[in-house]
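*Asks:* generate a structure from the sequence data that follows.
(one chain, ligands or ions: 3)
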Amino acid sequence: MASFQHCFFLHHNYPSSTHLRMFVSPKPSFCCRLSSSSSSSSATTLTTSVDDALERSASDRNAIRLGLPSKGRLGSETLDLLKDCQLSVMQVNPRQYVADIPQIPNLEVWFQRSNDIVRKLLSGDLDLGIVGLDTLSEYGQGKADLIIVHDALDYGDCRLSIAIPRYGIFETINSLNELAQMPQWTAEKPLRIATGFSHLGPKFMKENGFKHVTFSTADGALEAAPAMGIADAIIDLVSSGTTLRENNLKEIEGGIFLESEAVLVASKKSLIERKGVLDTTREILERLEAHLRAVGQFTVTANMRGSSAEEVAERVLSQPSLSGLQGPTVSPVFCKKGGKVTADYYAIVICIPKNELYKSVRQLRDIGGSGVLISPLTYIFDEETPRWQNLLVKLGL
Ligand SMILES: Nc1ncnc2c1ncn2[C@@H]1O[C@H](COP(=O)(O)OP(=O)(O)OP(=O)(O)O)[C@@H](O)[C@H]1O
Ligand SMILES: O=P(O)(O)OC[C@H]1O[C@H](OP(=O)(O)OP(=O)(O)O)[C@H](O)[C@@H]1O
Ligand SMILES: [Mg+2]
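*Replies:* Ligands and ions are numbered 1, 2, ... in the order given. Just a heads-up that it's a prediction; the model follows:
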């Protein structure tokens, strides 16, 4: 493998100052404002929680700490997901960085920038966190103490990719190989890449045999760097591809090196050593898994005339879209006729994927279904949660 030369950084923004702000106590006027608000009961809890945390920062803490992204697209989607899992985060004011999840009593939520969540998991100041896989890989750098508990939270989808201009010397370049082979890159005039991924970027280029390459970094709007003449290429996150297109840049074959979405991550040390962390992790994981399984599924209930439960079940199962997760539940609907209790009708309950809903309702009607009721599902709990078993294996338990 060719050696990796000319790798340096023009600027590094570590450490961030956000952690300094974290322990600033609320202004006295803040408490007055809270007590006059309509949500004074939860406000009291939260104010107490800041005080508790400040007290505890001097001594050893007992509470379990979950780090959540404090802003940006992951911030709001994380809160939405937790709410959908019946784990609403009670945050009185967006500038207050500590919050509670009342469903889980001994849990503190701390809002932090994503990169600081990873750093604080490593330093033992957080036990659990939700971040993008890209941030985890960049700042966690494969450290064994960071364990991914849930790897697919189904939001924050993007990819880490190299992009080059569509114009000039790059017009005919369409793959990483072609880029590496361009005669332009020499020790005196290396390929200049702008990236916020100061660890993953150089690693990827080295693994792909680029000899003459330098890196610079910026905190955002990297797509401007080639047109400004600051860089030849960029390594950045891409989702819809709009920002690249609008800046006259293109992705190339072999240039995607990480597919990312939001993940739940834990400190292995905390899971093993800190009391209650494993149980809390299990609860959060089970709720997340059960909720994400339920997303896009509906419960459908309908009445159907029939001679027996078996006969009704047979009719339902004859339709390809009506077999549900584990076949239909069929129960007799009793009524009194001439002083005798009989069951002419049966209630059927099935789970149907959202995208098959209309087709399924038509099939139900075709076999005599009536009074069709449809409700969204909150959770589908399986007997086994595979991710929990995986976690126990990773912990050697
Ligand atoms: N365009 C995108 N579409 C979907 N997810 C994205 C996109 N860009 C980033 N992400 C994901 O969201 C995470 C947070 O990105 P976001 O841009 O919201 O915050 P940030 O980069 O930490 O802050 P900022 O860009 O404001 O400095 C990223 O680590 C990544 O996992
Ligand atoms: O493929 P797209 O859907 O266009 O999204 C990609 C853009 O989104 C992110 O930037 P962000 O919006 O976070 O702005 P930033 O550059 O200031 O971080 C990322 O850094 C890209 O620039
Ligand atoms: Mg961003």
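
*Asks:* any idea which element residue 149 lies in?
*Replies:* strand 146-150 (DSSP states H and E).

*Asks:* so after that strand, what's the next helix or strand?
*Replies:* Downstream of strand 146-150, the next assigned helix or strand under DSSP H and E is strand 158-165.

*Asks:* mean confidence for stretch 88-104?
*Replies:* What stretch 88-104 shows for mean pLDDT is 92.

*Asks:* now do it: distance to the chain's middle.
*Replies:* Computed by CA atoms, centre = their mean, to the nearest Å, the chain-centroid distance of stretch 88-104 equals 19 Å.

*Asks:* what's the answer for stretch 385-397, then?
*Replies:* On CA atoms, centre = their mean, the centre of stretch 385-397 falls 19 Å from that of its chain.

*Asks:* next up, the contacts around residue 248.
*Replies:* 165, 166, 167, 227 (CB atoms under 8 Å, 6 or more residues apart in numbering). For glycine as for every other residue, the C-beta is placed from the backbone atoms N, C-alpha and C.

*Asks:* and this structure, which residues reach ligand 1?
*Replies:* 72-74, 113-114, 132, 134-135, 156-158, 219-220, 237, 239, 260 (CB under 6 Å from any ligand atom).

*Asks:* farthest-apart pair in those, please.
*Replies:* By the measure CB to CB, 157 and 219 form the most distant pair in the residues of the chain next to ligand 1, at 22.2 Å.

*Asks:* between those two, which one's more packed in?
*Replies:* The residue with more neighbours, out of residue 157 and residue 219, is residue 157; 14 against 8, by other CB atoms under 10 Å.

*Asks:* from memory that one sits against residue 260, does it?
*Replies:* Yes: with contact defined as CB atoms under 8 Å, residue 157 and residue 260 form a contacting pair (7.3 Å).

*Asks:* follow-up on the earlier one: partner strands of the strand holding residue 149, with direction?
*Replies:* strand 262-267 (antiparallel) (DSSP bridges).

*Asks:* just the buried ones among the contacts of residue 248, please.
*Replies:* By neighbour count, with 16 or more other CB atoms under 10 Å, the contacts of residue 248 hold residue 165 as buried.

*Asks:* quick one: average pLDDT of stretch 306-316?
*Replies:* 91.

*Asks:* what's the local residue count around residue 264?
*Replies:* Based on other CB under 10 Å, the number of other residues close to residue 264 is 22.

*Asks:* kindly report the same for the one 3 residues further on.
*Replies:* By the measure other CB under 10 Å, the count of residues near residue 267 is 25.

*Asks:* ok, what's across the strand from it?
*Replies:* Applying DSSP bridges, one finds that residue 267 bridges with residue 146.

*Asks:* tell me the contacts of residue 72?
*Replies:* Neighbour list for residue 72: residue 114 [criterion: CB under 8 Å, 6+ apart].

*Asks:* quick one, grab the pLDDT at it.
*Replies:* 89.

*Asks:* for whatever residue of the chain ends up closest to ligand 1, give its distance to ligand 2.
*Replies:* Nearest residue of the chain to ligand 1, counting by CB to the nearest ligand atom: residue 132, 2.0 Å away. Distance from residue 132 to ligand 2, counting by CB to the nearest ligand atom, to the nearest Å: 11 Å.
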